[in-house]
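# sequence and predicted model, in that order:
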Amino acid sequence: MRDNLSSPPGMFLFGLMVALLVALLPMPYAYYQLLRLATCALTGWAAYAAWARGSPASAAIWGLIALAYNPLIPLFMTRGHWSALNVGTATVILAAIWYRGARAYLDRPPPFMADTDRLDHQPEDRSTGDAIRRIVPGSGNRPH
């Protein structure tokens with residue numbers, strides 16, 4: 001899912017997380033306006049992607065964050081409240097990046113396992129070019 005537009009890439013989310021933490025420093029007002037727009041757009045994208053994946057809890061979290069940073073109907077809060085919201089949003093983004101990375105890591109085979117070491121690997125018969133079908137007891141492999 002990393003390489004398509006179904007969810008925001010981790011690179012964009014990581015950049016947003018850094019920008020939210022930079023916003024804790026005194027910055028020009030235009031920076032905060034641009035940050036609000038970027039945060040609303042990326043978290044709205046994440047909410048849509050979570051809803052499309054069938055994860056309504058994640059969609060609700062991302063949607064609430066998008067509403068909080070909505071530039072069309074803005075929330076007016078003190079600098080301290082915005083700082084707390086920025087840190088909270090950065091924490092949610094960090095958790096999402098970590099979860100996505102952990103899930104991607106758990107879904108792939110270990111790096112020490114070569115492709116030929118897998119049970120479902122079927123070597124080619126060099127004489128005919130057809131794959132030799134092996135039935136491994138208990139593995140569920142069957143000839144096609």
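Yes, it's here. Numbering: from 1, shown residues only.
# lowest-pLDDT helix or strand in the protein?
The weakest-scoring helix or strand in the chain, judged by mean pLDDT, DSSP states H and E, is helix 79-107 (a mean of 80).
# helices or strands up against it?
Counting contacts by 3 or more C-beta pairs under 8 Å, 6 or more residues apart in numbering; DSSP states H and E, helix 79-107 is packed against helix 10-22, helix 29-53, helix 56-68. In this view, the C-beta of every residue, glycine as well, is placed from N, C-alpha and C.
# could you list the buried residues of the second one?
Applying a neighbour-count criterion of 16 or more other C-beta atoms under 10 Å, one finds 35-36, 38-50 buried in helix 29-53.
# repeat for the last one
Buried residues in helix 56-68, counted by 16+ other C-beta under 10 Å: S58, A59, I61, W62, G63, I65, A66, A68.
# quick one, what contacts the last one?
Contacts were defined as C-beta atoms under 8 Å, 6 or more residues apart in numbering; by that measure A68 touches L75, L85, T89.
# ChimeraX command for the buried members of these?
Buried residues within the contacts of A68, by 16+ other C-beta under 10 Å, are selected in ChimeraX with:
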select :85,89
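# any weak-confidence spans in this structure?
Where the chain drops to pLDDT under 70, the residues are 1-9, 101-144.
# out of the helices and strands packed on helix 79-107, which is closest to I97?
I97 lies closest to helix 10-22 among the helices and strands packed on helix 79-107, at 5.1 Å (C-beta to C-beta).
# just the contacts of A68 now: which is nearest L16?
Lowest distance from L16 to the contacts of A68 (C-beta to C-beta) belongs to T89, with 8.3 Å.
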